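[1] return a 3D structure for these sequence lines:
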Amino acid sequence: MSCYWWPETTNDGAKERKEMRRTLLLITMVGAMLLAFSGVVLAQQSGLEPTAPGDGKQQAAVETSAGKAVPDRYVVVLKSDANARKVAEEHSSGRGAEVTSIYEHALRGYAAKIPSARLSEVRSDPRVQFVQKDRTAVAFDQTIPTGVNRVDGDSSTTAKIDGIDDRVNANVAVIDTGINRTHPDLNVAGGRNFATFFSPSGNFEDGNGHGTHVAGTIAALDNNNGAVGVAPGAKLYGVKVLDNSGIGFQSWIIKGIDWVTGRKAEFKDGSGDGDPGINFAVANMSLGGSGTDGSCTGNAYHRAICNSVAAGVTYTVAAGNSNANLQNFVPAAYNEVLTVTAASDSDGIPGALGAAPSCRTGEKDDYAATFSNYVTLTSDQNHTIAAPGVCIYSTWKNGGYNTISGTSMASPHIAGAAALYKANHPTATPAEIMTELRSDAATRTGSDSSVSGYYGFTNDPNTPNGSRYYGYLEYAGGY
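    Down below sits the predicted model:
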């Protein structure tokens with residue numbers, strides 16, 4: 001399955017820090033994209049007319065085209081008692097598997113290029129549980145800090161947003177296009193690059209900008225410069241699973257999840273792989289592709305996330321920008337993650353009195369974003385929450401800043417809130433964090449949408465748009 005980010009938009013205005021906090025933009029921008037590597041090509045969908053960045057129809061076409069099977073590339077899932085490294089070596093030397101990744105923490109298995117004529121040999125090994133096709137994936141983009149104001153991030157006593165560089169004590173993995181390692185407004189503590197069919201490396205530099213933008217919304221420093229994040233100064237780890245075009249493969253993403261899980265296990269009890277442990281509180285995934293929910297054992301991608309959540313990592317995930325039911329997008333459809341839809345806001349305050357957002361046409365202040373995916377199933381409602389995703393100002397590649405839109409921009413607001421909660425409740429489980437954030441959002445919104453200064457937004461659960469459910473708007477001010 002191909003995965004991609006949910007895109008973003010630029011805005012050269014709003015230089016002042018207060019305005020940054022208020023700016024919220026979720027813009028989707030994916031133009032013609034071509035990935036040519038080892039015979040794998042992800043091309044622009046035929047018949048797709050050129051459009052401006054952020055065009056919803058173009059983004060929807062890109063997102064729904066993601067998830068296609070890649071010829072001759074597979075993820076081999078082994079039984080839980082198998083030695084993944086040993087099996088991978090044996091299959092490489094004797095069964096024609098060109099191994100590209102080995103999974104030892106979130107699941108047991110490996111990814112490889114396997115000729116179709118040799119596939120039956122791999123499947124016949126009694127240590128193999130199942131073999132699934134690798135698929136493409138893309139990133140889901142978003143934008144700027146009216147969002148931090150709109151969720152009352154500046155009221156958080158943990159964030160303490162006051163221009164003084166006090167840092168939130170939490171570790172956050174940004175599973176994305178990497179992070180600008182030397183950005184002066186980010187506390188980048190480390191990371192790994194898995195966006196390759198060769199050996200992983202420490203070069204997780206972001207040549208796209210998407211991952212750096214996500215990182216800034218989560219944790220840009222409170223230093224009177226640039227933007228400020230929901231959890232200022234939290235330690236950020238760039239887990240690069242998408243290339244500089246914002247495109248990747250599920251096998252790369254699984255390896256990133258495996259690395260996060262291994263670091264968490266090593267921190268907890270030394271059961272990882274001996275490399276330094278990291279007490280990850282949250283992992284954000286502003287990416288996805290087509291797919292559906294199922295059991296944790298149904299496929300490798302879902303299994304990896306389930307096992308990582310079981311290890312204690314909370315996952316916040318972008319809902320997607322196709323204006324469609326997210327039940328057909330993964331990982332957004334997985335019940336184990338906290339899925340984030342996008343709301344549109346222009347002034348950083350409730351009440352729907354602001355002008356239309358300036359960076360993107362067709363949006364209104366305090367409405368559900370026109371591009372945002374939504375849910376209809378009760379089971380999906382139980383893991384869905386909303387956050388600002390239109391015209392969001394945040395950090396960018398090469399030490400810069402940018403304003404963009406998308407559910408990719410909404411999701412890191414929730415990741416930041418989860419980091420704040422975890423910093424104050426270090427023993428909280430992912431399930432407890434998900435429940436608390438959704439409950440606090442509902443409580444802060446209340447049930448009466450007619451009150452002056454109503455905290456929620458049009459199309460939230462109190463003012464629904466038919467059967468569409470977007471969730472309550474995040475409230476970070478209580479953490």
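
[2] distance between the helix ranked longest in the chain and the chain's centre?
    When the chain is scanned for its longest helix (criterion: DSSP state H), the result is helix 250-269. Computed by C-alpha atoms, centre = their mean, to the nearest Å, the separation of helix 250-269 from the middle of its chain amounts to 15 Å.

[3] ok, and what's touching the helix or strand following it?
    Following the chain from helix 250-269 toward its C-terminal end, the next helix or strand by DSSP states H and E is strand 280-285. The set of residues external to strand 280-285 that reach it, using C-beta atoms under 8 Å, 6 or more residues apart in numbering, is 170-176, 214, 218, 237, 239, 253, 257, 260, 263-264, 267, 308, 312-318, 331, 337, 411-412, 415, 418-419, 422-423. Placement of C-beta: from N, CA and C, glycine included.

[4] buried ones in the longest helix of the chain?
    Judged by neighbour count (16 or more other C-beta atoms under 10 Å), helix 250-269 contains these buried residues: 250-267.

[5] which residues are contacting the helix or strand where Thr100 lies?
    Here Thr100 sits within strand 98-103, counting by DSSP H and E. Applying C-beta under 8 Å, 6+ apart, the external contacts of strand 98-103 come out as 84-85, 88-89, 91-92, 109-114, 194, 197-198, 200, 251-252, 254-255, 258, 300, 304.

[6] picking up where we left off before, tell me what the longest helix of the chain is packed against?
    strand 69-78, strand 98-103, strand 109-113, strand 128-139, strand 171-176, strand 235-240, strand 280-285, helix 300-310 (3 or more C-beta pairs under 8 Å, 6 or more residues apart in numbering; DSSP states H and E).

[7] only alpha carbons, please: show that helix as PDB.
    Extracted in PDB, the C-alpha atoms of helix 250-269 (Å, rounded to 0.1, in the frame of the first residue of the first chain):
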ATOM      1  CA  GLN A 250       3.600   0.000   4.200                       C
ATOM      2  CA  SER A 251       6.800  -2.100   4.700                       C
ATOM      3  CA  TRP A 252       8.700   1.100   5.500                       C
ATOM      4  CA  ILE A 253       6.000   2.300   7.900                       C
ATOM      5  CA  ILE A 254       5.900  -1.100   9.600                       C
ATOM      6  CA  LYS A 255       9.700  -0.800  10.100                       C
ATOM      7  CA  GLY A 256       9.200   2.600  11.600                       C
ATOM      8  CA  ILE A 257       6.600   1.300  14.000                       C
ATOM      9  CA  ASP A 258       8.800  -1.600  14.800                       C
ATOM     10  CA  TRP A 259      11.600   0.800  15.800                       C
ATOM     11  CA  VAL A 260       9.400   2.900  18.000                       C
ATOM     12  CA  THR A 261       8.100  -0.300  19.700                       C
ATOM     13  CA  GLY A 262      11.600  -1.600  20.200                       C
ATOM     14  CA  ARG A 263      12.800   1.600  21.800                       C
ATOM     15  CA  LYS A 264       9.800   1.600  24.100                       C
ATOM     16  CA  ALA A 265      10.400  -2.100  25.100                       C
ATOM     17  CA  GLU A 266      14.100  -1.400  25.700                       C
ATOM     18  CA  PHE A 267      13.200   1.500  28.000                       C
ATOM     19  CA  LYS A 268      10.600  -0.500  29.900                       C
ATOM     20  CA  ASP A 269      12.400  -3.800  30.600                       C
END
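
[8] where's the residue lying closest to Phe267 once chain neighbours are set aside relative to Gly262, distance?
    Among residues not flanking Phe267 along the chain, Gly277 sits closest, at 3.0 Å (C-beta to C-beta, 6 or more residues apart in numbering). Gly277 sits 9 Å away from Gly262, going by C-beta to C-beta, to the nearest Å.

[9] the closest residue to Gly191 other than its chain neighbours - how many residues pack around it?
    Excluding its sequence neighbours, the residue lying closest to Gly191 (C-beta to C-beta, 6+ apart) is Gly238, at 3.4 Å. Residues contacting Gly238 under the criterion other C-beta atoms under 10 Å number 31.

[10] surely Gly238 and Val174 touch.
    Yes: taking C-beta atoms under 8 Å as the contact criterion, Gly238 and Val174 are neighbours in contact, 5.7 Å apart.

[11] anything in contact with each of the two?
    Common neighbours of Gly238 and Val174, counting by C-beta under 8 Å, 6+ apart, are Gly191, Gly211, Ala215.

[12] what is the burial count for the last one?
    When neighbours are defined as other C-beta under 10 Å, Ala215 has 32 of them.

[13] helix/strand/coil for it?
    In the three-state summary, Ala215 is assigned as helix, counting by DSSP: H, G, I helix; E, B strand; the rest coil.

[14] so who does it touch?
    Neighbouring residues of Ala215 by C-beta under 8 Å, 6+ apart: Val174, Ile179, His183, Leu186, Val188, Gly229, Leu236, Gly238, Ser394, Thr395, Pro412.

[15] what comes up buried for stretch 166-182?
    Counting neighbours by 16+ other C-beta under 10 Å, stretch 166-182 gives 168-181 as buried.

[16] next, the angle from the longest helix of the chain to helix 300-310.
    Computed with axes from the mean of the first three to the mean of the last three C-alpha atoms, to 10 degrees, the direction of helix 250-269 lies at 20 degrees from that of helix 300-310.
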